[in-house]
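1. Here is the input, now give the coordinates:
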Amino acid sequence: MKKAAAAFIFFMSSLHGVTGAFNYNRGDWVEFTIFRYVTSIAADQKVVYFGTTGGIICYDRIYQKWLDPMTTSDGLPSNYILKLAYDPAFDELWASTRGGVAKYNLTFRQWYQEIYFPNKLVVNDWNPGRFPSLFAPFRYNYQGGSIIDPYFRNYKITVGWRDDQNDLMYAGTWGLGPAIIDTRHLNISILPYGPFNANISHVIEVGQFLWMGTDYTRAERGLTRYDMTLEQWDYYEPGIILDLGDADLSSALAAGKAIWLGTKGGLVRMENDIGFKTYTKFSGIPSENILTLASYGGYIYVGTDNGLGVLPLGGEIPDSAFKTPLDDDLVFANHSINDLLVFKNKLYIAADNGVYRFDADSLKMQELDTPSGDLAAGANDIFCDGQNLYFAVRFGVVIIDISTDISRFATDPQLADKWRINQVYSDSLYLWGATTIGLWRYKKADGTTQLYTVADGLPTNNVNSLVKDGDYLWLGCNQALVRFLWNSPGRGD
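-> Take a look at the predicted model:
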């Protein structure tokens with residue numbers, strides 16, 4: 001009888017309605033927003049849920065690993081979580097948000113709209129008076145219920161949930177994200193999770209890392225580095241870290257012993273994870289607005305909004321007699337260099353006035369075009385898959401067969417006059433485009449196209465960049481970092 005009554009109650013509560021109407025499977029689109037501001041905590045038998053100003057993040061305390069976060073793309077009314085609660089009687093997670101109340105049935109994995117929030121189920125075990133002192137991570141301090149970072153910034157612990165079986169307390173901070181307190185040994189560990197800021201100017205793969213930046217419009221700006229192997233997040237803030245001038249990332253590469261980062265405020269060289277140096281016009285580059293980078297012939301080629309610059313791979317110009325491989329008439333003064341690509345010992349240059357190929361051995365620059373003049377107005381991006389070169393232009397993508405030099409054009413006539421293609425990527429089946437109106441997919445076999453937009457699960461239609469990672473695409477958007485399961489079975493697109 002009790003089971004029947006519970007089933008009836010659950011059925012009646014579901015009449016409040018499923019939150020959202022989706023054209024995709026849950027888990028196809030996963031949004032990573034700002035999770036550093038924790039408002040509440042709840043827990044079931046396995047997972048600790050941290051309510052934040054950017055959604056709910058989920059920590060598996062059995063396997064000690066992060067699970068996918070839950071945001072509006074999963075059915076939450078709003079990403080700003082006010083309170084969380086767990087109801088063990090029905091195995092349900094409740095969320096009070098700025099957009100309303102919802103509950104998540106863990107069996108059916110579904111959010112349902114509700115009217116009233118069960119305040120009596122809210123748990124907050126945090127009491128700063130119980131912890132007069134804690135051992136903080138290296139270079140951090142704990143004092144009076146707050147964590148103080150190496151730059152003397154104070155982050156208050158806002159909430160806690162005690163796991164008595166393991167002598168742990170899961171805590172949330174206002175600005176540093178989740179933390180774990182070992183109540184037996186009295187130490188606290190910080191668990192960074194998600195990008196520093198949700199406005200992703202660019203996401204770039206460098207080795208096992210994803211680098212991403214924040215554009216100028218945000219008050220809190222920082223670079224984020226995500227280790228895809230270890231699933232760890234690190235942050236680097238301009239103005240806090242010595243000689244890191246900007247976080248509006250446009251490009252990144254590993255060359256020599258350093259990581260080079262192109263930003264809208266200068267060229268940044270990073271060594272040993274901690275040492276930064278920012279290069280400006282006084283360092284020999286034509287502009288601080290860096291658009292693209294390439295390592296070629298023992299030099300770093302720097303594409304800017306005012307031409308092409310060159311620096312030695314070691315980062316230092318030896319003396320005033322230093323001469324770059326480019327003559328003055330080859331630096332594209334007063335032109336934007338949108339992308340650089342090294343292929344078969346040649347440097348391909350996508351500028352706003354054409355596409356070029358530079359040979360460092362002969363020091364010759366050659367302009368490239370198709371018989372129909374598709375590249376005459378320049379290109380935004382270049383990609384190579386070993387068989388073809390792909391150039392993102394105004395109305396689509398120019399594809400040039402490397403072995404035959406035969407060109408063809410990939411586009412969608414209904415979209416071509418509405419978009420800008422910010423970045424292009426090709427795999428064996430599809431050509432992908434990060435565009436200003438959505439994520440564009442072009443099927444190579446038959447030329448059919450698909451445009452993924454907000455209606456399909458994107459948080460915004462403006463996709464700044466993309467990275468292919470096996471079954472996933474990582475998308476840099478101005479509202480979130482998005483992981484897209486592009487080959488989700490059964491979706492039928």
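2. Torsion angles phi and psi at the spatially closest residue to Lys46 that is not a sequence neighbour?
-> Distances taken as Cβ to Cβ, 6 or more residues apart in numbering put Ile62 closest to Lys46, at 5.4 Å, once the chain neighbours are dropped. For every residue, glycine as well, the C-beta is placed using N, CA and C. As for Ile62, its main-chain torsions (degrees, to the nearest 10) stand at phi -80, psi -50.
3. Count the neighbours of Ile62 for me.
-> Per other Cβ atoms under 10 Å, the neighbour tally for Ile62 reads 9.
4. my guess is it contacts Ala43, does it?
-> No. In this structure, Ile62 is not within contact of Ala43 by Cβ atoms under 8 Å, at 11.5 Å.
5. Give me the below-cutoff pLDDT ranges for the stretch 101-250 of the chain.
-> In the predicted model, the stretch 101-250 of the chain carries pLDDT under 70 at residues 216-219.
6. the helices in it, which residues?
-> Shown for the stretch 101-250 of the chain, no helices are assigned by DSSP state H, counting those that start in this stretch.
7. Where do the strands of it begin and end?
-> Assignment of strands within the stretch 101-250 of the chain using DSSP state E, counting those that start in this stretch yields the ranges 110-114, 141-143, 146-148, 154-163, 168-173, 178-182, 187-190, 200-206, 209-214, 223-227, 232-236, 249-255.
8. quick one, which of those strands is nearest to Gln387?
-> Proximity to Gln387 (Cβ to Cβ) singles out strand 200-206 among those, at 20.5 Å.
9. elements contacting that closest one?
-> strand 209-214, strand 249-255, strand 463-469, strand 472-477 (3 or more Cβ pairs under 8 Å, 6 or more residues apart in numbering; DSSP states H and E).
10. quick one, which of these is packed in tightest?
-> Using mean count of other Cβ atoms under 10 Å, the stretch among those with the largest mean neighbour count is strand 209-214, at a mean of 26.
11. Give me the sheet partners of that strand and which way each runs.
-> strand 200-206 (antiparallel), strand 223-227 (antiparallel) (DSSP bridges).
12. Nearest approach to Asp74 belongs to which of the helices and strands packed on strand 200-206?
-> Judging those by Cβ to Cβ, what sits closest to Asp74 is strand 472-477, at 16.5 Å.
13. so Phe196 touches Asp234, yeah?
-> No. Applying Cβ under 8 Å, one finds Phe196 not in contact with Asp234, separated by 9.3 Å.
14. With neighbour numbers in mind, choose between these two.
-> More crowded of Phe196 and Asp234, by other Cβ under 10 Å: Phe196, with 25 against 14.
15. Quick check: closest non-adjacent residue to the more buried one.
-> Gly222 (3.5 Å).
16. What about that neighbour, how many residues nearby?
-> Neighbour tally, Gly222, other Cβ under 10 Å: 21.
17. ok, now Pro371?
-> 7.
18. now swap in Gly175 and tell me
-> The tally of other residues near Gly175 (other Cβ under 10 Å) stands at 16.
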